[in-house]
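Q: for reference, the sequence and a predicted model appear below.
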Amino acid sequence: MNHTQLSVNVNKVALVRNTRHLGIPSVTRAAELCLQAGAHGITVHPRPDERHIRAPDVRELAALMQRWPGREYNIEGNPTQNLMDFIREVRPAQATFVPDSEDQFTSDHGWTLGDAAVRGRLRPLVDECRRLGVRVSLFMDPDPALMVWAAEVGADRVELYTEPYAAAWGQPAARQQQLIAYAGAAQAALTNGLGVNAGHDLNRDNLTDFLRAVPGVAEVSIGHALIADALELGYAATVRDYLRCINEADRQP
Ligand SMILES: CC(=O)[C@@H](O)[C@H](O)COP(=O)(O)O
Ligand SMILES: NCC(=O)COP(=O)(O)O
């Protein structure tokens, strides 16, 4: 039995919403529908430029999550930029520290924890989260040698950055090589007492293979592909409903 939790990242709902001033699609409504469908949690990554998730979204989702006990709110970001203010204000279940620059296109690397200066910057921020009762996960490349440092700075979990695996998935030999690497990194994390999360470019094609090969994955956070799939899987019902509206015009009100 696999107990991996699914946290749905709703960044991309906000990205579409932000192209008009109409409030649709609603980020909180999307999150609620995901929770109703059985998602174990909701993830957001409020970037400093607010290109998708904005500060009010973070607060409204926090209020929504209060009505869903047992489901987890995960806020991602760089704790040396805007993340910590959100963590102090809404105290989510989990904070995922990501080493993105302010204008990063999307997350594409983990923390360089071999560097003592990086560890020195993270340690007090990890401590503060833990004092606030917020679990800390560090976004990491799948390098087994770094896991000891993630434990040393006090993190509870690591989130393995899965884009290299996702990119290799279509090529069987490369996929196998990546799975071995991720399994090794996850095992090193577990050995160091850390929980293991995973995310970035996971999708319906590559997820099952990943979870079969990589031990002990507590949570996957999935956004881009899941929101794209939700659009496609919903087209038929949506077009049918618009046609119903048109057909109703032929009848008297
Ligand atoms: C931390 C991480 O892996 C992310 O996937 C991130 O949350 C995605 O951010 P964007 O949605 O801005 O690409
Ligand atoms: N932490 C990863 C995440 O939240 C979603 O990443 P993606 O599925 O949008 O690539």
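A: Sure, I can see it. Ligands and ions are numbered 1, 2, ... in the order given.
Q: in the stretch 1-150 of the chain, where is pLDDT below threshold?
A: 1-2 (pLDDT under 70).
Q: find the closest residue to ligand 2 in it.
A: Going by CB to the nearest ligand atom, ligand 2 is nearest to N9 of the stretch 1-150 of the chain, at 3.5 Å. C-beta here means a position set from N, CA and C on the backbone, and glycine is covered the same way.
Q: who does the residue nearest the centre of the chain bridge with?
A: When CA atoms, centre = their mean is applied to the chain, the residue found nearest the centroid is S221 (3.7 Å). Applying DSSP bridges to S221 gives these bridge partners: S7, G199.
Q: G216 contacts V196, doesn't it?
A: Yes: applying CB atoms under 8 Å, one finds G216 in contact with V196, separated by 5.3 Å.
Q: shared neighbours, the two?
A: A186, L190 (CB atoms under 8 Å, 6 or more residues apart in numbering).
Q: buried set for the longest helix anywhere in the chain?
A: For the chain, the helix that runs over the most residues, judged by DSSP state H, is helix 224-248. Neighbour-count burial for helix 224-248 flags H224, A225, L226, I227, A230 (criterion: 16 or more other CB atoms under 10 Å).
Q: other residues contacting it?
A: V8, N9, V10, N11, K12, V13, D201, L202, N203, R204.
Q: look up how far R130 lies from A62.
A: A62 sits 19 Å away from R130, going by CB to CB, to the nearest Å.
Q: how about N78?
A: Counting by CB to CB, the gap from N78 to R130 is 18 Å.
Q: more neighbours: these two, which one.
A: Neighbour count, other CB atoms under 10 Å: between N78 and R130, N78 has more, with 20 against 15.
Q: hmm, the more buried one is touching A95, no?
A: No: taking contacts as CB under 8 Å, N78 lies outside contact range of A95: 10.9 Å.
Q: fine, thanks again, bye for now.
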